[in-house]
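>>> Okay, here's the prediction I keep looking at, along with the sequence it came from:
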Amino acid sequence: MIELKKETERVILVGVCLPGQEDIDASLEELSELAKTAGAVTVGKVVQSRDQVHPGTYVGKGKIDEIKSLLWELDATGIICDDELSPAQMKNLQDELDAKVMDRTLVILDIFAARASTSEGKIQVELAQLKYRQTRLAGFGTAMSRLGGGIGTRGPGEKKLEMDRRLIKNRIALLNRELKSVKQHREVTREKRAKSRIPVAAIVGYTNAGKSTLLNALTGADILAEDKLFATLDPTTRSLKLPSSQEILLTDTVGFIRKLPHHLIDAFKSTLEEAKYADMILHVVDVSNPQADEQMFTVYETLQGLKVQDKPIITVFNKQDRLEGIPVIRDFKADYTVSISAKTKAGLGDLLETIEALLRQQKVYIEEVYPYSEAGKIQLIRKYGELLEENYTEEGIQVTAYVPADIYPQIVVNR
């Protein structure tokens, strides 16, 4: 393993404000947090209002001159642009500024490389990184060699990625084969879950909304839950027993973010598809964030891209402990909404009741008297359904319950 220098990079953030765009300040603030997570410190910000980004240099000539001066005045090591740069834009900016040029995608990929802990996560991150770099070798290698290490040079496990075009092509082919094998294993796991008929709820949300904290609070798991962007990268599944004694599986997924790089969406498709095969979606929203509405929009946009927007959705308004009173935010796309604090566990009882209510909508309500000779069918109800009442009489066992529609034929009383 190659040891990289741990110098803190000093960066200037550069954004383009297009017509109708009102959230440029919030976007740059988020980019600053991303830079911080990747190990850089923001020393300045530059914004240019334009009808469209400059096709050759992202910003115009005047802004480039301004950035040049700021790089010198602020002793900055480079810039981070708020959008993904084309290969030509990156190379031209490097030539103009004679400094390290990065974009939002590169920073996010760098964070993912540091966060990946499972073999699948590492494969997915490296694949996304290599596909991103493949078209940017002309100017990329020069900038990286000039500055040694830092953002953009790290691979999963802190290894340094090779920049040779032929090696990258061969490595991508190998990683694709490995990912195909991992995907097949994941599909086998999903099939086993489907046969068990245990409902699955996928926890989704904007990064740092509190998904892992919620999973820990509900299941008593010990998943890393930090106040950081992308603290959780690899999906985690835990079992939860509802008040009705029914078991469900909760899966924590990677956090979404605005301008999520398409390289990552493609590479992480098998992981993100956990939501596709779930019975319901728990959409966690940080109601204390001023950009909560915009973050909800980003999540729904991503779900639509994954073709899972029509799944039953419970929107979980989290971090209510940071607010005074009832949150004013609304979600008209959700089937249910619940306000909670995963940190203090306030409202978790309401959330569990809501999950049960949604599951009941997918079940058949029964009132039956089972002869003692058919008592085994009640075990099926306990395992896959929700047993509401059970009374032993001379005629048999009186049962009131909810059962999944596909189980119903197996528990019908023989007449």
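That came through, no problem.
>>> And the pLDDT for the closest residue to residue 357 other than its chain neighbours?
The spatial neighbour of residue 357 that comes closest, neighbours along the chain excluded (Cβ to Cβ, 6 or more residues apart in numbering), is residue 336 at 7.1 Å. Bear in mind the C-beta positions are built from the backbone N, C-alpha and C, glycine included. Here the pLDDT value assigned to residue 336 is 93.
>>> For residue 336, name its beta-bridge partners.
residue 314 (DSSP bridges).
>>> Quick check, it in contact with residue 283.
No. With contacts counted by Cβ atoms under 8 Å, residue 336 stays clear of residue 283, the gap being 10.3 Å.
>>> Find residues that contact each of the two.
Common neighbours of residue 336 and residue 283, using Cβ atoms under 8 Å, 6 or more residues apart in numbering, are 313-315.
>>> Name only those of those that count as buried.
Among the shared contacts of residue 336 and residue 283, those buried by neighbour count (16 or more other Cβ atoms under 10 Å) are 313-315.
>>> could I get those as CSV with distance to residue 8?
CSV is the format used below for these (distance: Cβ to Cβ, whole Å):
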residue, distance to residue 8
313, 41
314, 41
315, 38
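>>> Just give me the closest of these to residue 240.
Using Cβ to Cβ, residue 314 is the member of these that lies nearest residue 240, at 13.6 Å.
>>> how far away is that closest one from residue 214?
The spacing between residue 314 and residue 214, counted by Cβ to Cβ, to the nearest Å, is 11 Å.
>>> shared neighbours, these two?
Common neighbours of residue 314 and residue 214, using Cβ under 8 Å, 6+ apart, are residue 282.
>>> can you list contacts of stretch 294-309?
Outside stretch 294-309, the residues that reach it (Cβ under 8 Å, 6+ apart) are 23, 26, 204-206, 209, 256-258, 260, 265, 272-273, 275-276, 278, 281, 283, 285-286, 289, 311, 315, 329, 331, 333.
>>> Among the residues you listed, which ones are in strands?
When the contacts of stretch 294-309 are checked against strands (DSSP state E), the matches are 204-205, 281, 283, 285-286, 315.
>>> and of those, the nearest to residue 63?
residue 286 (33.1 Å).
>>> How about the contacts made by residue 280?
Residue 280 sits next to 199-202, 311-314, 355, 358-359 when contact means Cβ under 8 Å, 6+ apart.
>>> I'd like to know which of the residues you listed are buried.
When the contacts of residue 280 are checked for burial by 16+ other Cβ under 10 Å, the buried set is 199-202, 311-314, 355, 358-359.
>>> wait, which of the residues you listed is closest to residue 34?
Checking the buried ones among the contacts of residue 280 against residue 34 by Cβ to Cβ gives residue 202 as the nearest, at 24.3 Å.
>>> Three-state assignment for the closest one, please.
For residue 202, the assignment made with DSSP: H, G, I helix; E, B strand; the rest coil gives strand.
>>> Test my guess that it contacts residue 249.
No. Using Cβ under 8 Å, residue 202 is not in contact with residue 249; the gap is 9.4 Å.
>>> For the buried ones among the contacts of residue 280, give me a markdown table that also has distance to residue 348 and pLDDT.
Listed next are the buried ones among the contacts of residue 280 as a markdown table, based on distance: Cβ to Cβ, whole Å; pLDDT from 0 to 100:
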| residue | distance to residue 348 | pLDDT |
| --- | --- | --- |
| 199 | 18 | 88 |
| 200 | 19 | 90 |
| 201 | 14 | 93 |
| 202 | 18 | 92 |
| 311 | 22 | 89 |
| 312 | 19 | 93 |
| 313 | 18 | 94 |
| 314 | 13 | 96 |
| 355 | 10 | 95 |
| 358 | 16 | 92 |
| 359 | 17 | 89 |
